[in-house]
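A.B. asks: All I have is the shape, not the residue letters:
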């Protein structure tokens, strides 16, 4: 029979605003079991089950979408999407991943627009094609605003990063269980 693991739920919750500039912000790193847990000095692995942005940017002009005709072909739809992207002011939020063996490596640039009153963006597809994004015990997810010609976050701009993580720490040998 396999030994059970120790589980806990944690949240990723970070607000980004004008005060952060281009500072790299660590969003998530799996935690350690604490002295009240069954095993001390063990580290969790994380399984991110949800991760999204709530974007409320007002410091740039509101997004103007090039509309598609209902009978438009794929090439026209793609061209209209490209025109919408290129002709609108935007901000950029970069996401990074690092481990104990690697420096920060960029995973994705997310371009953010002014859409009233605000909007949501699911981030999991930028990290994985699976239902969860698995994080090793030594991994860190970080984010940083990047200047792309329209300034950084300013005034009342606000981006909320919200996620849910199930963390697990396996117990390999039942004989080493100690309570501190």
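C.D. replies: Arrived safely, thanks for sending. Quantities reported herein were computed from a predicted structural model and do not represent experimental measurements.
A.B. asks: where's residue 30 relative to residue 136, distance?
C.D. replies: Look at residue 30 and residue 136: by CB to CB, to the nearest Å, they are 8 Å apart. From N, CA and C alone the C-beta is placed, and that goes for glycine too.
A.B. asks: Overlap of the contact sets of these two?
C.D. replies: Common neighbours of residue 30 and residue 136, using CB atoms under 8 Å, 6 or more residues apart in numbering, are residue 45.
A.B. asks: neighbour count winner among those two?
C.D. replies: Under the neighbour definition other CB atoms under 10 Å, residue 30 and residue 136 were set side by side, and residue 30 has more, 20 against 13.
A.B. asks: Ramachandran angles for the more buried one?
C.D. replies: With angles defined as degrees, to the nearest 10, residue 30 sits at phi -50, psi 140.
A.B. asks: now residue 109
C.D. replies: Summarising the backbone geometry of residue 109 under the convention degrees, to the nearest 10, its torsions are phi -110, psi 130.
A.B. asks: Repeat that for residue 83.
C.D. replies: With angles defined as degrees, to the nearest 10, residue 83 sits at phi -60, psi -40.
A.B. asks: what does residue 81 give?
C.D. replies: The phi and psi values for residue 81, taken as degrees, to the nearest 10, are phi -60, psi -40.
A.B. asks: Kindly report the same for residue 79.
C.D. replies: The phi and psi values for residue 79, taken as degrees, to the nearest 10, are phi -60, psi -40.
A.B. asks: tally of neighbours for residue 170?
C.D. replies: Per other CB under 10 Å, the neighbour tally for residue 170 reads 13.
A.B. asks: mind starting the numbering at 17 from now?
C.D. replies: Got it, first residue is 17 now, which makes that one residue 186.
A.B. asks: Quick check: it touching residue 49?
C.D. replies: No: under the contact definition of CB atoms under 8 Å, residue 186 does not touch residue 49, with a separation of 11.2 Å.
A.B. asks: Now do the shared contacts for these two.
C.D. replies: With contacts defined as CB under 8 Å, 6+ apart, the residues adjacent to both residue 186 and residue 49 are residue 22.
A.B. asks: what's in contact with stretch 138-149?
C.D. replies: Judged by CB under 8 Å, 6+ apart, the contacts made with stretch 138-149 from elsewhere in the structure are 63-69, 111, 113, 123-124, 126, 150, 177, 179, 182.
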